[in-house]
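Enquirer: based on what follows, work out the 3D shape:
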Amino acid sequence: MKAFRPIGLVQIAALRRLVAVLGWSVVAISGVNAQFLMRWITPIPFHGEGAFYQDDFYAISVSGRTATLYRLSPAGTLTPLWSYTESPLSGFRPFDFGRVAVDPVARRFLVNIILLDRHNTVRNDLWAVDWNGRFGWVYQESPPRGSRLWLTSDGQGGAIEVGNRYIGNGRYLTYIRHFDAQGMPIPDQYVDGDFVGIDPLNRLVTISTLRQNDYTVGYRYYWYDVFTGQLVQSAEWRTPAPFLYYDSPIFLFDPAGNLYHYPAFVYGYPPEYSTLLSISANGQIRWASNLLAEGRVVLNVHYAPADDSLILTEYTSNDFWFRKLSAQNGQPIGTPRRIYQASGTPGYEHYDYFAADVASDLHAFYLVVPEGHIETRCNPEQCEDYWIMDQQVVLRMSLEGELRAELILPASTTEHRHVRPQIVERDLWLFWGKISSYRVLAVRADGDGNGDGCVDDHDLLGVLWAFGSNNPNWDFNRDNVVDDADLLRVLAHFGLGCSP
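Expert: Just a heads-up that it's a prediction; the model follows:
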């Protein structure tokens, strides 16, 4: 371990002059001392799934019996385009959910809204409206025979939807339904397997589980032409050994159409090993990587286009981990690292891992974690523990898992546990009903050791006092020692996030 050498204010002044001598840039952001700057927040909540088109976002906002389609610009400007109010004479409860798809060829929006009665779907509407919000056609199904999972345009004024239909005994069938330009449905086509998603080549992908007695022994995958319903290809993969657990499987595609499948909890919980599988766009098994879990559970698998890699977010009861694999062969890139650790009593879950979510672009990786505490409530018969949300923690990291910035949102701000991040024109959008936009200002892992959003004398003193130790607050490159490399991080970004 390197010996620590005390340093005085004269030496600090000399180090600051060294910044200018070496030509490093010093950034000052006027009037701001924060790591994120909120640009705007929508005054109203949105419901369901929206769609981006030419940098604008389109989504439905529901208020009682009225559903309104809005356009939201990157600057935060809201423009109402179309609305529909259900008559109280219909006897239905208010709207609950909306889904929007954009048809640029026919210059139309496809809007899916549902009506509920005591938590049951009693009507499923599909509307087509033009660019200016004028009515095109509507198809109303009451009672609905299934639930829509995916919606798109057919490029000719009609629509294509994929959904599930319950047939009893815990079984569902996946169907494809085509609507013509007048909104008339063409007879449904049923396909094998459960819905996985639509790949970048516009093919419907489904999966069937292969079982032997009560054990899962493999999977069969199907690719269908979503416009015709014809089977394009299929593939099969057998597990290394039969297993019982099958919970929360993860599926994703890369831009080339390669499929990645993580059949969670393959060998028990917590799993000793688990498998991540990759299948090419033409249905060939590319690789199957057995992951040593070390007591952690995979929460999310995310494709990073910057270096053609897969980022795995893993969790235990008190922390999150970052693991990276090559998307080409499934081999590890670097070693797993802890990226977030909740405060509080060990052994208790101080965050809702089911509600955590991630996003990435060519520059950064984001993790959103709802953090809270355990409260015990008792009645005369028994006591039970309840998880109470305190705040949302938003972490911005490099694509190597190094912490770069942190944002804390009180529970009163978001209200919902699940906050979905998305990067729009280098800004961070957070979806939780309402939508907000943030701009990243300071870069914590590049010198902001005390996390106050400003790389200044406090950080310079901090890294010097920690020199030679393994203090994680000042070990920016995570090599388990605070040394010259960490000092250079502070110097290189001195002034970032600070007021002049």
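Enquirer: endpoints of stretch 435-454, how far apart?
Expert: End-to-end distance of stretch 435-454: 27 Å, with C-alpha to C-alpha, to the nearest Å as the criterion.
Enquirer: list the contacts of whatever helix or strand residue 62 lives in.
Expert: According to DSSP states H and E, residue 62 maps onto strand 56-63. Strand 56-63 has contacts (C-beta atoms under 8 Å, 6 or more residues apart in numbering) with 44-52, 67-74, 81, 94-100, 102, 109, 111, 113, 424, 435. C-beta coordinates here come from the backbone N, C-alpha and C atoms, glycine included.
Enquirer: apply 6 Å and report the result again.
Expert: Outside of strand 56-63, the residues within contact range by C-beta atoms under 6 Å, 6 or more residues apart in numbering are 44, 46-48, 50-51, 67-73, 95, 98, 100.
Enquirer: within its sheet, name the partner strands of it and how each one runs.
Expert: Paired with strand 56-63 in the same sheet, following DSSP bridges, are strand 47-53 (antiparallel), strand 66-72 (antiparallel).
Enquirer: can I get the first one in PDB, CA atoms only?
Expert: As requested, C-alpha coordinates have been extracted for strand 47-53 and formatted as PDB (Å, rounded to 0.1, in the frame of the first residue of the first chain):
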ATOM      1  CA  HIS A  47     -51.700   6.100 -19.400                       C
ATOM      2  CA  GLY A  48     -50.500   3.000 -21.300                       C
ATOM      3  CA  GLU A  49     -47.900   2.800 -24.000                       C
ATOM      4  CA  GLY A  50     -47.000   5.700 -26.300                       C
ATOM      5  CA  ALA A  51     -44.900   5.900 -29.500                       C
ATOM      6  CA  PHE A  52     -42.100   8.100 -30.700                       C
ATOM      7  CA  TYR A  53     -42.100   9.500 -34.300                       C
END
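Enquirer: from the contacts of strand 56-63, keep the buried residues only.
Expert: 46-48, 50-51, 67-72, 95, 98, 100 (16 or more other C-beta atoms under 10 Å).
Enquirer: could you measure from the residue nearest to residue 279 when sequence neighbours are not counted over to residue 223?
Expert: Nearest residue to residue 279 in three dimensions, chain neighbours excluded: residue 259, at 4.6 Å (C-beta to C-beta, 6 or more residues apart in numbering). Separation of residue 259 from residue 223 (C-beta to C-beta, to the nearest Å): 9 Å.
Enquirer: burial measure for residue 108, as a count.
Expert: Using other C-beta atoms under 10 Å, residue 108 is surrounded by 23 other residues.
Enquirer: from memory it sits against residue 131, does it?
Expert: No - at 7.3 Å, residue 108 does not count as touching residue 131 under the criterion of C-beta atoms under 6 Å.
Enquirer: now the helices for this protein?
Expert: Assigned by DSSP state H, the chain shows helices spanning 9-22, 411-414, 457-465, 484-492.
Enquirer: can you tell me what sits against the second one?
Expert: Counting by C-beta under 6 Å, 6+ apart, helix 411-414 makes contact with 389, 390, 391, 392, 432, all of which sit outside it.
Enquirer: residues of it that come out buried?
Expert: 411, 413, 414.
Enquirer: any idea of the mean pLDDT in it?
Expert: For helix 411-414, the mean pLDDT works out to 78.
Enquirer: distance from it to the middle of the chain?
Expert: Here helix 411-414 is found 19 Å from its chain centre; the criterion is C-alpha atoms, centre = their mean, to the nearest Å.
Enquirer: again with stretch 137-156
Expert: Per C-alpha atoms, centre = their mean, the centroid offset for stretch 137-156 relative to its chain is 26 Å.
Enquirer: swap in stretch 53-72?
Expert: On C-alpha atoms, centre = their mean, the centre of stretch 53-72 falls 21 Å from the chain's centre.
Enquirer: and it, end to end?
Expert: End to end - C-alpha to C-alpha - stretch 53-72 spans 10 Å.
Enquirer: show the average pLDDT along it.
Expert: 89.
Enquirer: ditto for stretch 215-235
Expert: On average, stretch 215-235 scores 91.
Enquirer: list the buried residues of that stretch.
Expert: 216, 219, 221, 222, 223, 224, 226, 229, 232, 235.
Enquirer: list of residues touching that stretch?
Expert: Stretch 215-235 is touched from outside by 176, 189, 191-193, 202-210, 236-239, 242-243, 246, 279, 283, with contacts defined as C-beta under 6 Å, 6+ apart.
Enquirer: check the offset of stretch 153-170 from the chain's centre.
Expert: From the chain centre to the centre of stretch 153-170 is a distance of 24 Å (C-alpha atoms, centre = their mean).
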